[in-house]
Structures are given as structure tokens and as C-alpha cells.
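In: I'll drop the sequence and a predicted model, then ask my questions.
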Amino acid sequence: MGRPIISGKRGYTLIELMVVLTIIGTLASMAQPNLQKTIIRARENSLRQSLFVMRDVIDQFYADRGKYPDALDDLVTDRYVRAIPEDPFTKSSSTWVIMAPEGDVQGSVFDVHSGSNLVSLDGTPYNEW
């Protein structure tokens, strides 16, 4: 361990420190994939919740007014929601894909989907949710 230190205390050798850092690095690299999956799962849950809320208020809008909103901003203007939620995968509230109603129904917003082109952990594209 080299020369004794004057105060009588001994420190760790460079080899001991390198072994400890190698062990910590190995453990961290094993935990990384689990961390990424946890983050993706949290974003997926956030997307599910945002889609549920927006679809619910679109239905409430239709029940109250007999027509669908012309834009998502109508839901904010008419105080059905405080703000259009952010898509957790595109990080924007302006990337939602709007589906128009079929048939002779007034309004432009019948359904919404994510604007992301990514695929979920279960293999389905987010823009098909």
C-alpha cells in the first residue's frame, strides 16, 4: 500500500477504487434499460389519460351543443378543459391528429390521436390509439 501516511490513516489504492467504480458502472448499465422502459411506460400512461380526457370532453361538447367542436381550441374557449394537453411523445399540444365525424354531422373534431410516429411497448403505433 505504499508509504505510510503521516497521520497514520491509510487510504484506498488506485486498484481498489477502479474495482469499485467498475462494479458501480456495471450495475448502472444493467439498470439503464429498466429505467428507459419505466419512462416510456409513464409517457404511455400519460397519453392514455390525455386521450381519455379529450375524447370525454368532445363527447360532452356534442351532448351539450348537438355538434362537434370545429377545433380543439373550442374545448378551451368554451371551458370544457383548461388547456389542450401536451402529447407526451411529441412534447407539443399542437400535434394531435384530428379525426372528422362521418356523415352529415356538424363540426370537425370527432376523435383525436397522437401525432407521434413511434411504436408503443406492445407494438401498436401511438397514432392508432
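Out: Sure, I can see it. Residues are numbered from 1 along each chain as shown.

In: OK, contacts around the residue nearest the centre of the chain?
Out: By Cα atoms, centre = their mean, the chain has its centre lying nearest to Arg43, at 2.4 Å. The contact partners of Arg43, by Cβ atoms under 8 Å, 6 or more residues apart in numbering, come to 88-89. Placement of C-beta: from N, CA and C, glycine included.

In: Might you calculate how far the one helix or strand it maps to sits from the centre of the chain?
Out: Take DSSP states H and E as the rule and Arg43 turns out to sit in helix 14-65. For helix 14-65, the separation from the chain centroid amounts to 7 Å (computed by Cα atoms, centre = their mean, to the nearest Å).

In: Heading C-terminal from that helix, find the next helix or strand.
Out: In N-to-C order, the element after helix 14-65 by DSSP H and E is helix 73-77.

In: Looking at that next one now, give me its mean pLDDT.
Out: Average pLDDT, helix 73-77: 95.

In: Just checking: what are the partner strands of whatever helix or strand comes next after that helix?
Out: Next along the chain after helix 73-77, taking DSSP H and E as the criterion, comes strand 97-99. Here strand 97-99 is paired, per DSSP bridges, with strand 111-113 (antiparallel).

In: that older thread, look up how far Ala31 lies from the residue nearest to the centre of the chain.
Out: Using Cβ to Cβ, to the nearest Å, Arg43 is found at 19 Å from Ala31.

In: for Val53, same thing?
Out: Taken as Cβ to Cβ, the span from Val53 to Ala31 is 33 Å.
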